[in-house]
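Asker: Any chance you could fold what I've pasted below:
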Amino acid sequence: MPAQQSTVIDAQVPNQRGSRRDFSLPTPGPKLRARAAAATVWYLRLIAVFNIIAVMSLPFRKEVQEHNDGKIFTARHVHAHTHHAGQFFTPYLATAGLASAAAAIFLALVMRRGKRAAWLVNLLCAGPLFVLYVLALTQHPFRDHAFNWVSTALTGLFVAALLIGRREFNAVGDPSNPKLALAVGAGGVLVTGGLGTLLVHATNKLPHAPLLEEVAYSLLRGVSVGPLADRVDSVHAPRWVDIILNILLAAAFCLVLYACFRSPRGRKLLTDEDEQKLRALLDKHGARDSLGYFALRRDKAVMFSPTGKAAITYRVVGAVSLASGDPIGDPEAWPGAIDAWLTEARRHAWIPAVMGASEEAGTIYRRHGLDALELGDEAIVDIADFTLEGRAMRVVRQAHNRVKRAGYTVRVRRHEDIPAEEMAVLVQRADDWRDGATERGFSMALGRLGDPADGRCVMLECRDANDEPRALLSFVPWGEHGLSLDLMRRDRDSENGLMEYMVVELLLQAKELGVQRVSLNFAMFRSVFERGTRLGAGPVLRLWRSILTFFSRWWQIESLYRANAKYRPVWEPRFLLFAKSRDIPRIGLASARAEGFLTLPGMSQPPAP
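Answerer: Have a look, this model is predicted:
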């Protein structure tokens, strides 16, 4: 039997005519499973709205029977609550409390992402609750109320939808989540309970209330602002205190839910074996993409195609699996690598995204369900076409001559030709000249300088008339005959136009290194700046250009475009690939963190050793 074939053995018995009858249970079809899974998400969304309205509306709160926030609800509890809130019970998670609303919202979010843990939590809570509701309906006080039948039916339909759509929830969580959730929960109860008790004690209108009852009141009010805490007769706090207590517990509950259902952090990084395989692929296909060498960053993980002829490198930032550039290797094997990467993202409920893909790669990514958004353009200079002659190059030519007359010189060497002592000095100078403490770059930066494994990289060292280092540029290989800009650093006290001088010197000396093309900086939204000033530009384009110009005061958006346009390059568009438009804000945040433009409090960028 061929390896790709499989057999399914069903329970069969012969009928009267000698044929075989299939007694296996039918399984829901893909469409039914998807609809059932979507129904669970919509139920949780609607229940969240219900709870928020109940909190905001006092008359509505009085009409709704409180239960213990979706936990197991026994018949004895039903009888105990009857004298306080009537003979009603509500659908799963329907309570007049912000904690329940937060739980419903959070569960809806993680259920939409296919988290298996969220499905299990819902089933373990809603399943027993449905059984107990059915048992309660066998008793006379409860079966006489139509509302109870509706609550039981809604809860039962939710459980049925969970069971039908169970195969849609396959995303795994971080193994450390349960321990973290327990720690966060314990800390949250202590903090919110302590603060709530102090607030209740300070505002209680009834004197000499026991401490334990004040603690109980603060915790019960944290669950609900309805009649749940009214049984504590020794405490009577203002309504605004009840709201604050409910908000405090809801916030703590959100932290617990986040700790419980957070996605794996993606701690797996590039190994030595992975790096060797990637270098072998770059030796064969590295000339295809100017960003290919940046796949060797050691703070990335790699996903190979089944044949091993192609690979995608990525980093998990938050819940975003962020790849960059084109897949590495044979284009015919790209689909296999893309499938493997997307499968891994779905398994961990990561949001897939690609920064800086070329048009060729973007087309293939689109066939796999991703959409494209143009980010900007990469400036590529063809050495054969570069010249300093002509009116269009007058500004660059003048800057180059001015710096040269000031006594500056440039030395161009491969990294492997620089002695270790000199390289150590250059690395130290690069650190000293860095703008800020954060090493920026992800998609178009290697993140390391002077590593012995990067001997084919090219270093430009600029010295002043006193033979002191003033600036440096580092380029990574782009196949056999290309270079791609990696690092630009200069002394702030050096001559203006120093970078232009160094780039021109490289372009003039490139043929001696066997270099035929050079990739310079990436210009984000270049087409907006270029077309926004043309005759006939529409109002939307002009508005978009004005907005980008405004933000260019803090981020080098327009200045990067102007700086690259001086060399008359060929502009190659680069794209952002994403699965769903609603994920773009999260992808943008993850990209800013990966590139080093945004550092969250208490967090730092992982090093690229």
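Asker: Go ahead and produce CSV holding the CA coordinates of the helix or strand where Ala379 lies.
Answerer: In this structure, Ala379 sits in strand 371-382 according to DSSP states H and E. Output in CSV follows, covering the C-alpha atoms of strand 371-382 (Å, rounded to 0.1, in the frame of the first residue of the first chain):
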residue,chain,number,x,y,z
ASP,A,371,-3.5,40.1,1.6
ALA,A,372,-0.9,42.8,0.6
LEU,A,373,-0.4,46.4,1.5
GLU,A,374,2.4,48.4,-0.1
LEU,A,375,4.8,49.7,2.5
GLY,A,376,7.3,51.6,0.5
ASP,A,377,10.2,51.2,-1.8
GLU,A,378,13.8,49.9,-1.6
ALA,A,379,16.4,52.1,-3.3
ILE,A,380,18.7,50.0,-5.5
VAL,A,381,21.6,51.5,-7.4
ASP,A,382,22.9,49.8,-10.5
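Asker: name the helices or strands packed onto that strand?
Answerer: On a contact count with 3 or more CB pairs under 8 Å, 6 or more residues apart in numbering; DSSP states H and E, strand 371-382 meets strand 351-357, helix 359-367, strand 517-524, helix 526-531, strand 570-578. C-beta here means a position set from N, CA and C on the backbone, and glycine is covered the same way.
Asker: Now render the ones you listed as JSON lines, adding mean neighbour count, distance to Trp433 and mean pLDDT.
Answerer: Shown next, in JSON lines, are these (neighbours: other CB atoms under 10 Å; distance: least, CB to CB, whole Å; pLDDT from 0 to 100):
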{"stretch": "strand 351-357", "mean neighbour count": "25", "distance to Trp433": "25", "mean pLDDT": "93"}
{"stretch": "helix 359-367", "mean neighbour count": "17", "distance to Trp433": "34", "mean pLDDT": "94"}
{"stretch": "strand 517-524", "mean neighbour count": "23", "distance to Trp433": "17", "mean pLDDT": "86"}
{"stretch": "helix 526-531", "mean neighbour count": "19", "distance to Trp433": "27", "mean pLDDT": "69"}
{"stretch": "strand 570-578", "mean neighbour count": "20", "distance to Trp433": "27", "mean pLDDT": "92"}
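Asker: Those: which one's closest to Pro327?
Answerer: Among those, helix 359-367 comes nearest to Pro327, with 6.4 Å by CB to CB.
Asker: still on that earlier bit, save the helices and strands packed on strand 371-382 as CSV, and put in distance to Thr95 too.
Answerer: Formatted as CSV, these follow (distance: least, CB to CB, whole Å):
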stretch, distance to Thr95
strand 351-357, 31
helix 359-367, 44
strand 517-524, 47
helix 526-531, 50
strand 570-578, 37
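Asker: now what about the strand holding Ala379, what contacts it?
Answerer: Strand 371-382 has contacts (CB atoms under 8 Å, 6 or more residues apart in numbering) with 290, 355-357, 362, 365-366, 507, 516-527, 564-565, 567-579, 581, 584.
Asker: can you rerun that using 7 Å?
Answerer: 290, 356, 362, 366, 507, 517-527, 564, 567, 569-578 (CB atoms under 7 Å, 6 or more residues apart in numbering).
Asker: closest to Val150 out of the helices and strands packed on strand 371-382?
Answerer: The nearest among the helices and strands packed on strand 371-382, by CB to CB, is strand 351-357 at 37.0 Å.
Asker: could I have the closest one exported to PDB, CA atoms only?
Answerer: Coordinates of each C-alpha in strand 351-357 appear next as PDB, following Å, rounded to 0.1, in the frame of the first residue of the first chain:
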ATOM      1  CA  ILE A 351      -1.100  36.300  13.800                       C
ATOM      2  CA  PRO A 352       0.900  35.700  10.600                       C
ATOM      3  CA  ALA A 353       2.500  38.800   9.000                       C
ATOM      4  CA  VAL A 354       5.400  39.500   6.600                       C
ATOM      5  CA  MET A 355       7.300  42.700   6.400                       C
ATOM      6  CA  GLY A 356       9.200  43.800   3.300                       C
ATOM      7  CA  ALA A 357       8.200  41.100   0.900                       C
END
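Asker: Name every strand pairing with that strand and say which way it goes.
Answerer: When pairs are called by DSSP bridges, strand 351-357 turns out to pair with strand 320-324 (parallel), strand 570-578 (antiparallel).
Asker: Ile164 and Arg574: what is the separation?
Answerer: From Ile164 across to Arg574, the span is 43 Å (CB to CB, to the nearest Å).
Asker: for Val518, same thing?
Answerer: Val518 sits 16 Å away from Arg574, going by CB to CB.
Asker: Setting aside sequence neighbours, what's the nearest residue to Ala216?
Answerer: Closest residue in space to Ala216, ignoring its immediate chain neighbours: Val232 at 5.8 Å, by CB to CB, 6 or more residues apart in numbering.
Asker: whoops, Ala424 was the one
Answerer: Gly450 is the one closest to Ala424 (CB to CB, 6+ apart), at 7.1 Å.
Asker: Tell me if I'm right that that neighbour and Met423 touch.
Answerer: Yes - judged on CB atoms under 7 Å, Gly450 makes contact with Met423 at a distance of 4.6 Å.
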